[in-house]
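can't give you the sequence, but here's the structure:
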């Protein structure tokens, strides 16, 4: 007998639940919620007459179909922890909350900025110097309208600095995500990136899609970049726009190497 995928009581630890993918136990676990399994007389598992099922369900006396231990327990289908209670990937890994995602992104942005300074520092210095040498902050003469146009020469410094910063960000993301699925910022908050349908660190092409989409959003319009950041707040799969493009999810917990 096959049981549908979902969260069931862990046969190896009654204080936890474990995700059953429909054929095998996965390695995803979470603390158990709800009352403990119904026990019959003398502390023995309830029989089929007491639970309304025919005989003992898998995990209540008969070996299940999983590779490890028993299959899902029959009583789990009676409402005790059946089905995911939190947003998760198809195989049951919990999706990351929005605030943690934003905090991890801020941490990574600070790290990338510091790492990129040896490459971008000169350009930023010349950019600031050009701003100071311009009349941007000068007091306008009486009877004239103040203008806030940036001097053209400023762009010859800010554009190279931005491009170099993006390339450093690409190298940073590619190095960490393809190896462990988590940048230092995400590791600090217990998060990682994976393909939505496949666990493990994302492949290189997926990392490139995530980086390219976020970079394009930022160059096209700041508002579009803001929408990208806010999108997980209302998306049922908790994906940002760049996650949609790359088919990824930010999840709670680490990724095991394939």
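Perfect, I can see it now. As the structure is a prediction and not an experimental result, all values here were calculated from the model.

residues of the helix or strand harbouring residue 26 that come out buried?
Element membership for residue 26 (DSSP states H and E) is strand 25-31. By 16 or more other C-beta atoms under 10 Å, the buried positions in strand 25-31 come out as 25, 26, 28, 29, 30. Bear in mind the C-beta positions are built from the backbone N, C-alpha and C, glycine included.

burial count for residue 206?
Applying other C-beta atoms under 10 Å, we find 20 residues neighbouring residue 206.

what about it, distance to residue 217?
Remark: distance between residue 206 and residue 217 (C-beta to C-beta, to the nearest Å) = 17 Å.

same check on residue 5?
Taken as C-beta to C-beta, the span from residue 5 to residue 217 is 34 Å.

more neighbours, these two?
More neighbours surround residue 217 than the other of residue 5 and residue 217, with 21 against 18 (other C-beta under 10 Å).

is that one in a helix, a strand, or coil?
Assigned with DSSP: H, G, I helix; E, B strand; the rest coil, residue 217 falls in the helix class.

endpoints of stretch 17-28, how far apart?
Start and end residues of stretch 17-28 are separated by 9 Å (C-alpha to C-alpha, to the nearest Å).

domain parsing for this structure?
According to automatic domain parsing, the chain comprises the domains 6-67, 98-252.

take these and write them to a markdown table, including distance to residue 89 and mean pLDDT.
Converted to a markdown table, the domains of the chain look like this (distance: least, C-beta to C-beta, whole Å; pLDDT from 0 to 100):
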| stretch | distance to residue 89 | mean pLDDT |
| --- | --- | --- |
| domain 6-67 | 9 | 57 |
| domain 98-252 | 6 | 88 |
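
out of those domains, nearest to residue 86?
domain 6-67 (7.9 Å; C-beta to C-beta).

I'd guessed residue 177 sits against residue 185; true?
No. Counting by C-beta atoms under 8 Å, residue 177 stays clear of residue 185, with 11.5 Å between them.

between these two, which one's more packed in?
Per other C-beta under 10 Å, whichever of residue 177 and residue 185 has more neighbours is residue 177, with 25 against 21.

now the longest helix anywhere in the chain: buried residues?
Across the chain, the longest stretch assigned as helix under DSSP state H is helix 98-133. Buried residues in helix 98-133, counted by 16+ other C-beta under 10 Å: 98, 100-101, 103-105, 107-108, 112, 116, 120, 123-124, 126-127, 130.

can you put the domains of the chain in a markdown table and add distance to residue 92?
A markdown table is the format used below for these (distance: least, C-beta to C-beta, whole Å):
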| stretch | distance to residue 92 |
| --- | --- |
| domain 6-67 | 3 |
| domain 98-252 | 10 |
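
if we can go back for a sec, name the nearest of the buried residues of helix 98-133 relative to residue 222.
residue 105 (15.4 Å).

touching, the closest one and residue 185? I think so.
Yes. Using C-beta under 8 Å, residue 105 is in contact with residue 185, at 6.7 Å.

which neighbours do those two share?
Counting by C-beta atoms under 8 Å, 6 or more residues apart in numbering, residue 105 and residue 185 have no common neighbour.

can you show me the strands along this structure?
For the chain, strands defined by DSSP state E occupy the ranges 6-9, 16-20, 25-31, 191-195, 248-252.

indicate which one of those strands is closest to residue 240.
Nearest of the strands of the chain (C-beta to C-beta): strand 248-252, 8.2 Å.

I'd like to check the angle between the closest one and strand 191-195, please.
Calculated by axes from the mean of the first three to the mean of the last three C-alpha atoms, to 10 degrees, strand 248-252 forms an angle of 150 degrees with strand 191-195.

so what secondary structure elements neighbour strand 248-252?
Applying 3 or more C-beta pairs under 8 Å, 6 or more residues apart in numbering; DSSP states H and E, one finds that strand 248-252 makes contact with strand 191-195.

what lines up beside the strand it packs on in the sheet?
strand 248-252 (antiparallel) (DSSP bridges).
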